[in-house]
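# model this:
(one chain, ligands or ions: 2)
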Amino acid sequence: TFYLAIFGARVSAVLMKNMDKEVKRSRLAEQLYKHYASTAIPKGIHCLSLRLTDEYSSNAHARKQLPPPELLPLLSDNSFQHYILASDNILAASVVVSSTVRSSSVPEKVVFHVITDKKTYPGMHSWFALNSVSPAIVEVKGVHQFDWLTRENVPVLEAIENHRGVRNHYHGDHGTVSSASDNPRVLASKLQARSPKYISLLNHLRIYLPELFPSLNKVVFLDDDIVVQRDLSPLWEIDLEGKVNGAVETCRGEDNWVMSKRFRTYFNFSHPVIDRSLDPDECAWAYGMNIFDLEAWRKTNIRDTYHFWLKENLKAGLTLWKFGTLPPALIAFRGHVHGIDPSWHMLGLGYQESTDIESVKKAAVIHYNGQCKPWLDIAFKNLQPFWTKHVNYSNDFIRNCHILEPLYDR
Ligand SMILES: *[C@@H]1O[C@H](CO)[C@@H](O)[C@H](O)[C@H]1NC(C)=O
Ligand SMILES: *[C@@H]1O[C@H](CO)[C@@H](O)[C@H](O)[C@H]1NC(C)=O
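Ligands and ions are numbered 1, 2, ... in the order given. Prediction:
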């Protein structure tokens, strides 16, 4: 913390140099604080991961096969509802899974495929082995357990992770930040772009769903910063009209920050490659809760297009788009997106405290996209209970790690 404080102070000093207004100073300081708060792993969550990893080596129950051998055929049975979640946050994953199962009208038809990284695998496996969501079924897989994910099939990802631009980007070349500093929101986005989260394989993983789940036809992919509040079964009945990706479009809303996004929001139209390839007015859509028709997907070249554009962005020194894994997907899925009703997926709970609580209550899926994740200190206190209600505070691991304990005091 001490080191971070010093580092933060130095960054601030550089950033503040050319700023005149006190107001800007404090808004910026707040954004910086939020950045550090949002990228640091809270102690409780770290503790949970360590203890569950420990449990994996010491307790045979934590290592038991998931699902049990007699249920293995269900993992590729298309008469079930298959949900896929990629996360390295065990607590967040547990909330997604238990809220989905609890909200389902047919929990016995729910199959969860939880994918995590190699480091988190033992802990994630322990959690779901020790906390059954029966009658729903859960499998836990590490990225290292997919034979398909080889360097050969995923050529650009390693290149991206090793790319000097990304390293500088992440480890900070602070000049770039200060040039955007008149707008704290732009700054927040830039800082967010530096987070390792945006350059990890887990985050790009959804572009490989057809190959990772070769026998599945239709799946729902969920982000780990969401809560499911309604039965999602009807998603499988939506006629996607031959399209691949059922998603909520994000260009038809009122608010500037979340629901009025077009391609110009995500791409650098001053760059000739973007300018001649894309339409700035094209509507954007959201990741977080998508229904994917993998059969339709397998007939497309979405993955190649995605790879092509990742490479183009590398060639251009990462100047084609701002951050995240959504921009290359916005290009790759062009013409393959079917807009679904916005009430399926409400965005922005990590950006805006002023979110309308009545709409939050009604939404099928609420999404804490933005920095203020519900498991962080900086969470919005009025929105946090929609998430914490799915945390099991009588669980020994949760209790012993004092997760979000201040809540008890209120
Ligand atoms: C956008 O592209 C232009 C032209 O290549 C470049 O000068 C500029 O730095 C880029 N902007 C960002 C934010 O990368
Ligand atoms: C919460 O955890 C306790 C103790 O592990 C367990 O007995 C109980 O079934 C859990 N409750 C839910 C709703 O998962």
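
# drop to CA atoms for contacts and neighbour counts, all remaining ones
OK.

# quick one, what contacts the closest residue to residue 109 other than its chain neighbours?
Nearest residue to residue 109, sequence neighbours excluded (CA to CA, 6 or more residues apart in numbering): residue 80, at 5.0 Å. By CA atoms under 8 Å, 6 or more residues apart in numbering, the contact set of residue 80 is 74, 109, 110, 111.

# quick one: which of these sit in helices?
Nothing among the contacts of residue 80 maps onto helices, per DSSP state H.

# ok, of those, which one's closest to ligand 2?
Comparing the contacts of residue 80 against ligand 2 with CA to the nearest ligand atom picks out residue 110 as the nearest, at 16.2 Å.

# for the closest one, give its distance to residue 269.
43 Å (CA to CA, to the nearest Å).

# hmm, stretch 87-96 touching ligand 2?
No: between stretch 87-96 and ligand 2, judged by CA under 6 Å from any ligand atom, nothing touches; the nearest distance is 9.8 Å.

# chain center to that stretch, what's the gap?
Centroid separation between stretch 87-96 and its chain, computed with CA atoms, centre = their mean, to the nearest Å, is 11 Å.

# quick one: the helices in the stretch 251-400 of the chain?
Ranges of helices within the stretch 251-400 of the chain are 263-266, 272-277, 294-298, 302-315, 326-332, 357-362, 385-388, 396-400, based on DSSP state H, counting those that start in this stretch.

# still on that earlier bit, include distance to ligand 2 when you put the contacts of residue 80 into CSV, please.
Putting those into CSV (distance: CA to the nearest ligand atom, whole Å) gives the following:
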residue, distance to ligand 2
74, 23
109, 18
110, 16
111, 17
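
# any of those residues buried? List them.
Among the contacts of residue 80, the ones that count as buried by 16 or more other CA atoms under 10 Å are 74, 109, 110, 111.

# sorry, back to before: now the contacts of residue 80 in TSV, with pLDDT?
Compiled in TSV, the contacts of residue 80 are given as follows (pLDDT from 0 to 100):
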residue	pLDDT
74	98
109	98
110	98
111	98
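
# following the one helix or strand residue 129 maps to, which helix or strand comes up?
Per DSSP states H and E: residue 129 is located in helix 121-130. Once the chain leaves helix 121-130, the next helix or strand it forms, by DSSP H and E, is strand 137-142.

# what sits up against that following strand?
In this structure, residues lying in contact with strand 137-142 by CA under 8 Å, 6+ apart are 66-67, 75, 108, 110-118, 120-121, 124-125, 128.

# in it, what's buried?
Neighbour-count burial for strand 137-142, with 16+ other CA under 10 Å as criterion, is recorded at 137, 138, 139, 140, 141, 142.

# in CSV, list those along with pLDDT.
As requested, those are exported to CSV (pLDDT from 0 to 100):
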residue, pLDDT
137, 98
138, 98
139, 98
140, 98
141, 97
142, 95
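
# between those, which is closest to ligand 1?
Nearest to ligand 1 among the buried residues of strand 137-142, with distances taken as CA to the nearest ligand atom, is residue 142, at 34.1 Å.

# what bridges to that closest one?
In this entry, residue 142 is beta-bridged to residue 116, by DSSP bridges.

# wait, which of the helices of the stretch 251-400 of the chain is closest to ligand 1?
With CA to the nearest ligand atom as the yardstick, what comes closest out of these is helix 272-277 (6.8 Å).

# put the alpha carbons of the closest one into CSV.
The C-alpha atoms that make up helix 272-277 are tabulated as CSV, following Å, rounded to 0.1, in the frame of the first residue of the first chain:
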residue,chain,number,x,y,z
PRO,A,272,-7.3,6.1,-42.0
VAL,A,273,-7.6,2.3,-41.6
ILE,A,274,-10.7,2.8,-39.4
ASP,A,275,-12.0,5.6,-41.4
ARG,A,276,-12.2,3.6,-44.6
SER,A,277,-13.4,0.4,-43.0
